[in-house]
Structures are given as structure tokens and as C-alpha cells.
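# Kindly return the folded structure for what I paste below:
(one chain, ligands or ions: 1)
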Amino acid sequence: MRVLSGIQPTGPFHWGNYFGAIRQYIELQEVADEAYYFIANLHALTTVRDQALLRQYTLGGAIDLLALGLNPDKAVLFVQSDVPEVSELSWLLMTGTPMGLLERCVSYKDKLAKGLKADAGLFTYPVLQAADILAYDADVVPVGEDQLQHIEVCRDIAGSFNHHFGQTFTMPKGKVLDQSARVPGTDGEKMSKSYGNTLAVFDDVKAQRKQVMRIQTDSRPMEDPKDPAGDVLMDLYKLVASEEEVADMTALYARGGFGYGDVKKALADAAERYWAPYRDARAHWAAKPDAVREVLAAGAVKARAKAAGVLRRAQEAAGVGGW
Ligand code: AQP
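Here you go, the predicted structure:
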């Protein structure tokens, strides 16, 4: 099994990124034959237009992934722009991608609906993403639920290329975790950097508490029992609390007679315990930026070697190479 996934350096990673995707990266690096994980800085250009900030987020993203358990001895960690072959492959794919396929992409439509300005990069983002996946012959792509549609687009693009030019690309499959495929944000919507509703993984304890206290709840009277199903606080609590703590909290919901403030406090306490070791690991890596750069440089060499072979195969199939 060859695993690949990428994450955008568009800001500090949040619980949705970790529980939806990064946790899978860490688990899969143990069982995959090859695992490739990259910081998607070319994708991030569609939102981050400040070069110093983009550089800071890119290195910061790598530090975060290492702190969260990504092991460079087991997985190839690299920065997307260090593999220019992928951008070339993207053009080959673009020429066979129907406009309608991209127009139907929900994340593009959502961003337009939220008033974000769309450029050609945002519109064609799924094609670059398809190139990212296909360039490494990936067969498993661990992601959150919001990305499944893009993986379907990638399969469509790969399928039509294979159909037209002969078998060239491996067909990838998306992989989501049932219990955290769509982590809710502080407003109950999907947690998302661009929606301002995130709980950051590496915020300091005080800032994280403040964010937890912001979570919107309903206005049911204190004495009433509450249904824990679909409750944002409970959904988040389940991610960071122990099984025993979750059982106690479920009983409390059934009994009633408590305020949401108590649940928020328990959630903030559990979050503090959950993230403490990762915060220490982050401090360790953050103190050694050159070691992180070395990891990324070594990763880029391995990633390029793989992507160059696949690009050559695709160019020959399409008639733009091998003449
Ligand atoms: N709320 C979420 N629940 C589960 N998984 C999530 N992911 C993102 N949000 C959630 C998964 O995280 C991985 C990295 O996603 P990305 O690089 O696309 O990050 P992102 O899109 O920047 O995440 P955001 O916060 O949603 O950003 P914007 O607002 O810019 O689109 C992916 O596997 C994603 O599914």
C-alpha cells in the first residue's frame, strides 16, 4: 500500500486537521509500504498572499507534523513546491479536465458563497491535487470528509487519461475516519481555517481555554437532561477525553442539572491533558529549525525521484515525451 496526503500551510493546524487527517498519517506510516506527506504550499498560495507568512507557515507546518508524531524514518515528509514535476503533470491533466467537473466542486462553490474571491488557482485546485496524488502512484489518501469529492475528481481525471492514452495512473481511494470525518468548529459548522471557528492544536493553554469558552451552545434550561448526540461540546469532548470520562459525561447529559459552562471547563481540562505532550514535542522541534529543513530536503529528494518517473510515464503516454 502506498499512502499520500497533503496539508495546506494556511495557518495553525486545528483539531479538524489533526483528528480528520494527521492522526491517520501517523497510524498509516506504521503499516504502509511507502508513505508520502507534504506541506501544500502551492495550494496555500490561493489564500496566503504574504511571502514571509507563507514561509513561516510552511516550516511551522513541518514542525507541527513532526511534533504530532510523523516519523521521517517511516514516511517521506516534503514541501509541495520542491517537486516541480507535479506542476508539469498538473498541466497534462488540466488539458483533459472538463470545466463542468470543476464547477461542481463543493469547496469551490462554498468559498464563493462565503464571499471569498475566486481566482483560476482556486478553481483548478482539484487538478493540482489530482497531480499531487497521481505523481506518487498513491493508492490510499487519508483525508477528512470534505476532501472526498476532490478524490473522486482525481479518480475521474485519472480514469479518463487512462482511457484515452492507455493505463498510466494508479487509481487512488480516499480514507476517512468514521468518528472524526467532519470535526465541528466553535459555531457547529465544519471546523475550517477560513471560517474563523477553529480550535488550534498548538495554542497555549490560556488561548485554547478562551476558544473553548466561545463554543456556541443551545439555550436549554439547566435542569433539563440533554441529548449528547450531535452536541458540539460532546463531539469535541469525545476526541480528547478518556473513555471513562466520556461515559461519565454521557451520564451527566442524561441526568441534566448542569450548565454548559461545566462541560466547557471539562473539555478545556481534557484538551490541556491531551495536547501537553505534543506541545513539549513541538518546543523540541521548534528549537531545531535546521534539522527540520534537513528532513524536508531529504524528503524532497525521495519524492522527486518518484514523481519524475511517473511524469515521464504520463508524458510518453500523451505523446509529449519519447519522440
Ligand atoms: N473540520 C474537519 N474535520 C475533519 N477533517 C478536516 N480537515 C480539515 N478540516 C477538517 C482535513 O484536514 C486535511 C488538511 O486540509 P487542508 O489542507 O485542505 O486544510 P484546510 O482546507 O486548510 O482545512 P480548512 O481549515 O478547512 O481550510 P480552508 O478553510 O482553507 O479550506 C484534509 O484532509 C482535510 O479534509
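
# contacts and neighbour counts: CA atoms only from here.
OK.

# A helix includes residue 5, no?
No. Going by DSSP: H, G, I helix; E, B strand; the rest coil, the assignment for residue 5 is strand, not a helix.

# give me the number of residues near it?
By other Cα atoms under 10 Å, the residues close to residue 5 number 23.

# can you check residue 14 too?
21.

# phi, psi of it?
Per-residue torsions, residue 14: phi -120, psi 180 (degrees, to the nearest 10).

# do residue 116 as well
Here residue 116 shows phi and psi, under degrees, to the nearest 10, equal to phi -70, psi 140.

# Kindly report the same for the one 3 residues further on.
Recorded main-chain torsions at residue 119 are phi -120, psi 180, according to degrees, to the nearest 10.

# Look up how far residue 209 lies from it.
To residue 209, residue 119 is 36 Å away according to Cα to Cα, to the nearest Å.

# Residue 21 too?
Per Cα to Cα, residue 21 is found 23 Å from residue 209.

# Of the two, which one has the most company?
residue 21 (24 against 19).

# How about residue 5, nearest residue that isn't a chain neighbour?
residue 37 (5.1 Å; Cα to Cα, 6 or more residues apart in numbering).

# and the helix or strand where the one you found lies, anywhere near the ligand?
Per DSSP states H and E, residue 37 falls inside strand 34-39. No. For strand 34-39 and the ligand, the contact criterion (Cα under 6 Å from any ligand atom) is not met; the two come no nearer than 8.2 Å.

# who are the neighbours of that strand, in terms of helices and strands?
Here strand 34-39 touches strand 2-7, helix 23-31, helix 51-67, strand 76-79, going by 3 or more Cα pairs under 8 Å, 6 or more residues apart in numbering; DSSP states H and E.

# pLDDT on the second one, on average?
When you say that, I think you mean helix 23-31. Averaged over helix 23-31, pLDDT sits at 98.

# Run the contact check for that helix versus the ligand.
No. On the criterion Cα under 6 Å from any ligand atom, helix 23-31 is out of touch with the ligand, staying 9.5 Å away.

# Quick one: work out the angle between that helix and strand 34-39.
Interaxial angle of helix 23-31 relative to strand 34-39 (axes from the mean of the first three to the mean of the last three Cα atoms, to 10 degrees): 150 degrees.
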